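Participant: after the sequence you'll find the predicted model.
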Amino acid sequence: MNILAPVRRDRVLAELPQCLRKEAALHVHKDFHPRVTCACQEHRTGTVGFKISKVIVVGDLSVGKTCLINRFCKDTFDKNYKATIGVDFEMERFEVLGVPFSLQLWDTAGQERFKCIASTYYRGAQAIIIVFNLNDVASLEHTKQWLADALKENDPSSVLLFLVGSKKDLSTPAQYVLMEKDALKVAQEMKAEYWAVSSLTGENVREFFFRVAALTFEANVLAELEKSGARRIGDVVRIHSEDSNLYLTTSKKKPTCCP
Ligand SMILES: Nc1nc2c(ncn2[C@@H]2O[C@H](COP(=O)(O)OP(=O)(O)OP(=O)(O)O)[C@@H](O)[C@H]2O)c(=O)[nH]1
Ligand SMILES: [Mg+2]
(Lines give C-alpha, C1' and ligand atoms only; values in the text may rest on other atoms or scores of the structure.)
(Ligands and ions follow the chains in the order given, each with its own letter.)
Protein backbone atom coordinates (compact mmCIF):
# COMPACT_ATOMS: atom_id res chain seq x y z
CA MET A 1 0.00 0.00 0.00
CA ASN A 2 1.36 3.38 -0.98
CA ILE A 3 0.58 5.75 1.87
CA LEU A 4 1.44 8.75 -0.26
CA ALA A 5 -1.02 7.96 -3.06
CA PRO A 6 -4.10 10.19 -3.02
CA VAL A 7 -7.07 8.93 -1.01
CA ARG A 8 -9.84 7.38 -3.14
CA ARG A 9 -12.47 9.94 -3.99
CA ASP A 10 -15.17 7.82 -2.38
CA ARG A 11 -13.31 7.87 0.93
CA VAL A 12 -13.47 11.63 1.40
CA LEU A 13 -15.58 12.88 4.32
CA ALA A 14 -16.44 16.55 4.34
CA GLU A 15 -19.43 16.23 6.67
CA LEU A 16 -20.31 14.19 9.73
CA PRO A 17 -22.21 11.04 8.70
CA GLN A 18 -25.33 10.59 10.82
CA CYS A 19 -26.18 7.75 13.19
CA LEU A 20 -28.66 4.99 12.28
CA ARG A 21 -30.87 5.24 15.39
CA LYS A 22 -30.93 8.25 17.68
CA GLU A 23 -31.91 6.01 20.63
CA ALA A 24 -28.52 4.29 20.50
CA ALA A 25 -25.95 6.71 19.17
CA LEU A 26 -22.56 7.83 20.41
CA HIS A 27 -23.78 11.35 19.81
CA VAL A 28 -26.45 13.01 17.70
CA HIS A 29 -24.71 16.24 16.73
CA LYS A 30 -25.31 17.30 13.13
CA ASP A 31 -21.72 18.45 12.59
CA PHE A 32 -18.23 17.63 13.75
CA HIS A 33 -17.22 19.12 17.09
CA PRO A 34 -16.49 22.84 16.44
CA ARG A 35 -13.00 22.54 17.91
CA VAL A 36 -12.22 19.72 15.50
CA THR A 37 -13.51 21.61 12.47
CA CYS A 38 -11.56 24.66 13.54
CA ALA A 39 -8.36 22.68 14.16
CA CYS A 40 -8.63 21.02 10.75
CA GLN A 41 -9.12 24.36 9.03
CA GLU A 42 -6.07 25.72 10.82
CA HIS A 43 -4.05 22.48 10.35
CA ARG A 44 -3.68 22.01 14.11
CA THR A 45 -4.65 18.34 14.18
CA GLY A 46 -1.45 16.97 15.62
CA THR A 47 2.20 16.59 15.09
CA VAL A 48 2.10 13.91 12.42
CA GLY A 49 0.87 14.46 8.89
CA PHE A 50 -1.54 11.56 8.99
CA LYS A 51 -3.46 9.81 11.73
CA ILE A 52 -4.26 6.15 12.33
CA SER A 53 -6.83 4.59 14.62
CA LYS A 54 -6.94 0.94 15.58
CA VAL A 55 -10.35 -0.72 15.37
CA ILE A 56 -11.03 -4.27 16.50
CA VAL A 57 -13.94 -6.35 15.25
CA VAL A 58 -15.19 -9.07 17.61
CA GLY A 59 -18.20 -11.38 17.91
CA ASP A 60 -19.32 -15.01 17.68
CA LEU A 61 -18.05 -17.29 14.94
CA SER A 62 -19.77 -16.97 11.59
CA VAL A 63 -21.71 -13.79 12.45
CA GLY A 64 -20.14 -12.14 9.40
CA LYS A 65 -17.19 -10.08 10.67
CA THR A 66 -14.90 -10.94 7.75
CA CYS A 67 -17.65 -10.43 5.17
CA LEU A 68 -18.44 -7.01 6.64
CA ILE A 69 -14.84 -5.85 6.33
CA ASN A 70 -14.47 -7.38 2.86
CA ARG A 71 -17.65 -5.73 1.62
CA PHE A 72 -16.34 -2.33 2.66
CA CYS A 73 -12.65 -2.66 1.83
CA LYS A 74 -12.83 -4.83 -1.31
CA ASP A 75 -16.50 -4.65 -2.31
CA THR A 76 -16.65 -8.45 -2.38
CA PHE A 77 -18.88 -11.05 -0.76
CA ASP A 78 -18.12 -14.75 -0.30
CA LYS A 79 -21.05 -16.99 0.53
CA ASN A 80 -18.76 -19.79 1.67
CA TYR A 81 -17.67 -19.69 5.28
CA LYS A 82 -13.91 -19.64 5.85
CA ALA A 83 -13.12 -19.24 9.53
CA THR A 84 -10.64 -16.54 10.43
CA ILE A 85 -7.67 -18.11 12.15
CA GLY A 86 -6.34 -15.76 14.83
CA VAL A 87 -6.63 -12.34 13.17
CA ASP A 88 -6.64 -10.65 9.79
CA PHE A 89 -5.85 -7.06 9.13
CA GLU A 90 -6.97 -4.38 6.66
CA MET A 91 -5.93 -0.75 6.42
CA GLU A 92 -8.47 1.68 4.99
CA ARG A 93 -7.53 5.24 4.12
CA PHE A 94 -9.83 8.25 4.36
CA GLU A 95 -9.63 11.98 4.17
CA VAL A 96 -11.67 13.65 6.92
CA LEU A 97 -12.13 17.42 6.83
CA GLY A 98 -9.12 17.58 4.54
CA VAL A 99 -6.89 15.55 6.88
CA PRO A 100 -5.53 12.11 5.90
CA PHE A 101 -6.81 9.47 8.30
CA SER A 102 -6.57 5.67 8.33
CA LEU A 103 -8.47 2.93 10.05
CA GLN A 104 -6.55 -0.20 10.97
CA LEU A 105 -9.27 -2.85 10.94
CA TRP A 106 -8.42 -5.96 12.98
CA ASP A 107 -10.72 -8.84 12.02
CA THR A 108 -10.58 -11.35 14.88
CA ALA A 109 -11.59 -15.02 15.04
CA GLY A 110 -14.88 -15.91 16.71
CA GLN A 111 -14.03 -19.60 17.11
CA GLU A 112 -13.24 -20.49 20.70
CA ARG A 113 -10.00 -22.30 19.81
CA PHE A 114 -8.57 -19.16 18.16
CA LYS A 115 -9.85 -16.68 20.74
CA CYS A 116 -6.69 -16.84 22.77
CA ILE A 117 -4.52 -15.74 19.81
CA ALA A 118 -7.06 -13.11 18.72
CA SER A 119 -7.31 -11.50 22.15
CA THR A 120 -3.61 -10.66 22.13
CA TYR A 121 -4.44 -8.12 19.42
CA TYR A 122 -7.17 -6.33 21.40
CA ARG A 123 -4.87 -3.83 23.10
CA GLY A 124 -4.73 -0.18 22.04
CA ALA A 125 -8.05 -0.03 20.20
CA GLN A 126 -9.74 3.33 19.70
CA ALA A 127 -12.96 1.63 18.64
CA ILE A 128 -14.50 -1.79 19.25
CA ILE A 129 -17.03 -3.17 16.79
CA ILE A 130 -19.08 -6.00 18.32
CA VAL A 131 -20.95 -7.95 15.66
CA PHE A 132 -23.96 -10.23 16.17
CA ASN A 133 -26.26 -12.01 13.74
CA LEU A 134 -29.70 -10.37 13.57
CA ASN A 135 -31.18 -13.84 13.07
CA ASP A 136 -29.55 -15.45 16.09
CA VAL A 137 -30.53 -14.11 19.48
CA ALA A 138 -27.76 -16.08 21.24
CA SER A 139 -25.16 -14.13 19.30
CA LEU A 140 -26.68 -10.89 20.64
CA GLU A 141 -26.54 -12.24 24.21
CA HIS A 142 -22.88 -13.15 23.74
CA THR A 143 -21.95 -9.58 22.76
CA LYS A 144 -21.70 -8.60 26.44
CA GLN A 145 -18.99 -11.19 27.01
CA TRP A 146 -17.13 -10.11 23.85
CA LEU A 147 -17.23 -6.55 25.08
CA ALA A 148 -16.02 -7.48 28.57
CA ASP A 149 -13.08 -9.39 27.11
CA ALA A 150 -12.14 -6.56 24.73
CA LEU A 151 -12.38 -3.95 27.48
CA LYS A 152 -9.93 -5.87 29.68
CA GLU A 153 -7.25 -4.76 27.24
CA ASN A 154 -8.47 -1.21 26.66
CA ASP A 155 -9.44 1.98 28.44
CA PRO A 156 -13.25 1.89 28.77
CA SER A 157 -13.41 5.65 29.25
CA SER A 158 -11.97 6.51 25.84
CA VAL A 159 -12.83 3.64 23.52
CA LEU A 160 -15.79 4.03 21.14
CA LEU A 161 -18.22 1.12 20.94
CA PHE A 162 -20.36 -0.01 18.03
CA LEU A 163 -22.91 -2.83 18.20
CA VAL A 164 -23.61 -4.16 14.71
CA GLY A 165 -26.38 -6.54 13.71
CA SER A 166 -25.39 -8.47 10.57
CA LYS A 167 -27.18 -10.43 7.82
CA LYS A 168 -30.14 -8.05 7.70
CA ASP A 169 -31.09 -9.53 4.32
CA LEU A 170 -32.05 -12.78 6.05
CA SER A 171 -34.69 -11.30 8.38
CA THR A 172 -38.24 -10.41 7.45
CA PRO A 173 -39.30 -6.87 8.42
CA ALA A 174 -41.33 -8.28 11.33
CA GLN A 175 -38.44 -10.39 12.62
CA TYR A 176 -36.12 -7.42 12.25
CA VAL A 177 -38.32 -5.11 14.30
CA LEU A 178 -38.37 -7.62 17.17
CA MET A 179 -34.63 -8.13 17.12
CA GLU A 180 -33.92 -4.44 16.84
CA LYS A 181 -35.85 -3.76 20.03
CA ASP A 182 -33.59 -6.12 22.00
CA ALA A 183 -30.48 -4.89 20.24
CA LEU A 184 -31.21 -1.24 21.01
CA LYS A 185 -31.55 -2.17 24.68
CA VAL A 186 -28.20 -3.95 24.68
CA ALA A 187 -26.57 -1.07 22.82
CA GLN A 188 -27.88 1.43 25.37
CA GLU A 189 -26.60 -0.70 28.27
CA MET A 190 -23.18 -0.90 26.66
CA LYS A 191 -23.20 2.74 25.61
CA ALA A 192 -22.59 1.58 22.07
CA GLU A 193 -23.88 2.95 18.79
CA TYR A 194 -26.25 0.55 17.06
CA TRP A 195 -26.12 -0.38 13.38
CA ALA A 196 -27.81 -3.04 11.23
CA VAL A 197 -26.12 -4.12 8.01
CA SER A 198 -26.06 -6.67 5.23
CA SER A 199 -22.77 -7.58 3.64
CA LEU A 200 -24.62 -9.53 0.97
CA THR A 201 -26.61 -6.55 -0.32
CA GLY A 202 -24.25 -3.89 1.04
CA GLU A 203 -27.05 -2.17 2.99
CA ASN A 204 -25.61 0.35 5.48
CA VAL A 205 -22.06 -1.01 5.19
CA ARG A 206 -20.52 2.14 3.75
CA GLU A 207 -22.59 4.40 6.01
CA PHE A 208 -21.47 2.42 9.04
CA PHE A 209 -17.74 2.53 8.31
CA PHE A 210 -17.92 6.21 7.44
CA ARG A 211 -19.50 6.84 10.80
CA VAL A 212 -16.75 4.79 12.51
CA ALA A 213 -14.09 6.76 10.64
CA ALA A 214 -15.69 10.11 11.46
CA LEU A 215 -16.22 9.44 15.16
CA THR A 216 -12.78 7.93 15.74
CA PHE A 217 -11.21 10.83 13.85
CA GLU A 218 -13.17 13.34 15.93
CA ALA A 219 -12.17 11.64 19.20
CA ASN A 220 -8.59 11.33 18.02
CA VAL A 221 -8.27 15.03 17.19
CA LEU A 222 -10.01 16.11 20.42
CA ALA A 223 -7.59 13.98 22.44
CA GLU A 224 -4.68 15.43 20.49
CA LEU A 225 -5.85 18.99 21.15
CA GLU A 226 -6.24 18.24 24.84
CA LYS A 227 -2.81 16.63 25.02
CA SER A 228 -1.04 19.45 23.25
CA GLY A 229 -2.73 21.95 25.57
CA ALA A 230 -4.33 23.56 22.56
CA ARG A 231 -7.21 24.71 24.73
CA ARG A 232 -6.42 28.33 25.37
CA ILE A 233 -7.03 29.88 28.77
CA GLY A 234 -10.29 31.76 28.54
CA ASP A 235 -11.94 29.31 26.10
CA VAL A 236 -15.60 29.11 26.90
CA VAL A 237 -16.79 25.63 27.80
CA ARG A 238 -20.50 25.10 27.39
CA ILE A 239 -22.29 21.86 28.22
CA HIS A 240 -25.39 21.35 26.09
CA SER A 241 -28.02 20.24 28.60
CA GLU A 242 -30.49 19.39 25.82
CA ASP A 243 -28.21 16.65 24.44
CA SER A 244 -29.73 13.25 25.03
CA ASN A 245 -28.28 9.79 24.46
CA LEU A 246 -24.89 11.36 24.08
CA TYR A 247 -22.71 8.74 25.59
CA LEU A 248 -19.63 10.84 24.99
CA THR A 249 -20.87 14.01 26.64
CA THR A 250 -22.66 12.34 29.53
CA SER A 251 -20.64 9.38 30.73
CA LYS A 252 -17.27 10.39 29.35
CA LYS A 253 -17.71 14.04 30.18
CA LYS A 254 -16.30 15.47 26.97
CA PRO A 255 -17.63 19.02 27.02
CA THR A 256 -18.85 20.78 23.95
CA CYS A 257 -16.84 23.97 23.56
CA CYS A 258 -16.96 27.09 21.53
CA PRO A 259 -14.11 27.08 19.01
N1 LIG B 1 -27.01 -13.84 3.83
C2 LIG B 1 -25.91 -13.31 4.37
N3 LIG B 1 -24.88 -14.11 4.73
C4 LIG B 1 -23.79 -13.55 5.29
C5 LIG B 1 -23.71 -12.16 5.52
N6 LIG B 1 -22.52 -11.90 6.10
C7 LIG B 1 -21.89 -13.08 6.19
N8 LIG B 1 -22.65 -14.09 5.70
C9 LIG B 1 -22.28 -15.50 5.64
O10 LIG B 1 -22.00 -15.97 6.95
C11 LIG B 1 -20.91 -16.89 6.95
C12 LIG B 1 -19.84 -16.44 7.94
O13 LIG B 1 -19.31 -15.19 7.53
P14 LIG B 1 -17.86 -14.70 8.02
O15 LIG B 1 -17.74 -13.29 7.64
O16 LIG B 1 -16.81 -15.61 7.56
O17 LIG B 1 -18.02 -14.84 9.60
P18 LIG B 1 -16.96 -14.44 10.74
O19 LIG B 1 -17.72 -13.72 11.78
O20 LIG B 1 -15.82 -13.76 10.15
O21 LIG B 1 -16.55 -15.87 11.30
P22 LIG B 1 -15.17 -16.24 12.12
O23 LIG B 1 -14.02 -15.77 11.28
O24 LIG B 1 -15.17 -17.73 12.29
O25 LIG B 1 -15.24 -15.58 13.44
C26 LIG B 1 -20.43 -16.97 5.50
O27 LIG B 1 -20.96 -18.14 4.91
C28 LIG B 1 -20.98 -15.73 4.86
O29 LIG B 1 -21.24 -15.88 3.48
C30 LIG B 1 -24.81 -11.33 5.14
O31 LIG B 1 -24.85 -10.11 5.29
N32 LIG B 1 -25.89 -11.97 4.59
MG1 LIG C 1 -13.85 -14.19 10.03
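Facilitator: Sure, I can see it. Ligands and ions are numbered 1, 2, ... in the order given.
Participant: alpha carbons only for contacts and neighbour counts from here, please
Facilitator: Will do.
Participant: and Pro6, how many neighbours?
Facilitator: Using other CA atoms under 10 Å, Pro6 has 11 other residues around it.
Participant: ugh, wrong one, Lys152
Facilitator: Other residues near Lys152 come to 12 when the count uses other CA under 10 Å.
Participant: likewise Gly110?
Facilitator: Other residues within reach of Gly110, judged by other CA under 10 Å, total 24.
Participant: and it, that's in a strand?
Facilitator: No: Gly110 is assigned coil when assessed by DSSP: H, G, I helix; E, B strand; the rest coil, not a strand.
Participant: excluding chain neighbours, give the residue nearest to it in space.
Facilitator: Nearest residue to Gly110, sequence neighbours excluded (CA to CA, 6 or more residues apart in numbering): Leu61, at 3.9 Å.
Participant: might one say that the one you found is in contact with Thr108?
Facilitator: No: counting by CA atoms under 8 Å, Leu61 does not reach Thr108; the two are 9.6 Å apart.
Participant: those two: which is more packed in?
Facilitator: Neighbours per residue, other CA under 10 Å: of Leu61 and Thr108, the larger number sits with Thr108, 28 against 19.
Participant: list the contacts for the more buried one?
Facilitator: By CA atoms under 8 Å, 6 or more residues apart in numbering, the contact list for Thr108 reads Ile56, Val57, Val58, Lys65, Thr84, Ile85, Gly86, Val87, Asp88, Lys115, Ala118, Ser119.
Participant: which element is Ile56 on?
Facilitator: Assessed by DSSP states H and E, Ile56 sits inside strand 51-59.
Participant: what residues does the stretch 51-200 of the chain have near ligand 2?
Facilitator: Contact residues, the stretch 51-200 of the chain versus ligand 2 (CA under 5 Å from the ion): Thr66, Thr84.
Participant: quick one: secondary structure of the closest residue to Val58 other than its chain neighbours?
Facilitator: In space, Val58 comes closest to Ile130 once its chain neighbours are excluded; the distance is 5.0 Å by CA to CA, 6+ apart. Using three-state DSSP, the structure places Ile130 in strand.
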